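Enquirer: what's the 3D shape of this:
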Amino acid sequence: VAFVVCRSLEGLKTFSYLEELILDNNLLGNDLLLPRLPHLHTLMLNKNQISFQRNTCKILLDHLAEVVPSLQYLSLLGNMACPNELVCKEKDEDDYQRYRYFVLHKLTNLKFLDTRKVTRREREEALVRGAFMKVVKPKAA
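Expert: This next block holds a predicted model:
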């Protein structure tokens, strides 16, 4: 297990057999770049600055799918990308569920997302409609 508090993750490339990584409470955003960590199964990114601005979260999730192929446990709680009532009063359980479908569509091997186990029904729904479930903020008129 590695506990890292930093803005640069360049040094992680020397830990190619790393299995768990906790990056909570940093200033990490959608531009987060991890080296290839083929054995990483747990990644905690709670309370950072990850959001669904434009297409950047999709790019981050695509990056994670590529560099951490064994990822099974991911937590994004406390980020704007994870829409729940604790982060934003305007969000509700439906917003959170759409977010889960979108993340599960991108990261198909996840067993747990945030604090919840991924259900068979969620996985099926993510395959069918997950690509269309990105939670976006409507443009101001």
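Enquirer: quick check: closest non-adjacent residue to the residue sitting nearest the centre point of the chain.
Expert: For the chain, the residue nearest the mean C-alpha position is residue 76 (5.2 Å; C-alpha atoms, centre = their mean). Counting by C-beta to C-beta, 6 or more residues apart in numbering, residue 76 lies nearest to residue 82, which is 4.3 Å off, once chain neighbours are set aside. C-beta coordinates here come from the backbone N, C-alpha and C atoms, glycine included.
Enquirer: where does that neighbour land in three-state SS?
Expert: Classification of residue 82 using DSSP: H, G, I helix; E, B strand; the rest coil returns coil.
Enquirer: could you check how far it is from residue 102?
Expert: Using C-beta to C-beta, to the nearest Å, residue 82 is found at 11 Å from residue 102.
Enquirer: which of those two has more neighbours?
Expert: Per other C-beta atoms under 10 Å, whichever of residue 82 and residue 102 has more neighbours is residue 82, with 27 against 23.
Enquirer: list the contacts for the more buried one?
Expert: Residue 82 makes contacts with 50, 76, 96, 99, 114, as judged by C-beta atoms under 8 Å, 6 or more residues apart in numbering.
Enquirer: just name the closest of those residues to residue 43, please.
Expert: residue 76 (9.3 Å; C-beta to C-beta).
Enquirer: measure that closest one to residue 123 for me?
Expert: Here the criterion is C-beta to C-beta. By it, residue 76 lies 18 Å from residue 123.
Enquirer: quick one: low-confidence ranges for the protein?
Expert: Scanning the chain for pLDDT under 70 picks out 1-8, 54, 85-89, 131, 133-141.
Enquirer: and if we set it to 90?
Expert: 1-11, 26-27, 30-31, 51-58, 80-96, 98, 127-141 (pLDDT under 90).
Enquirer: what about the helices in it?
Expert: For the chain, the helices defined by DSSP state H occupy 56-67, 93-106, 120-129.
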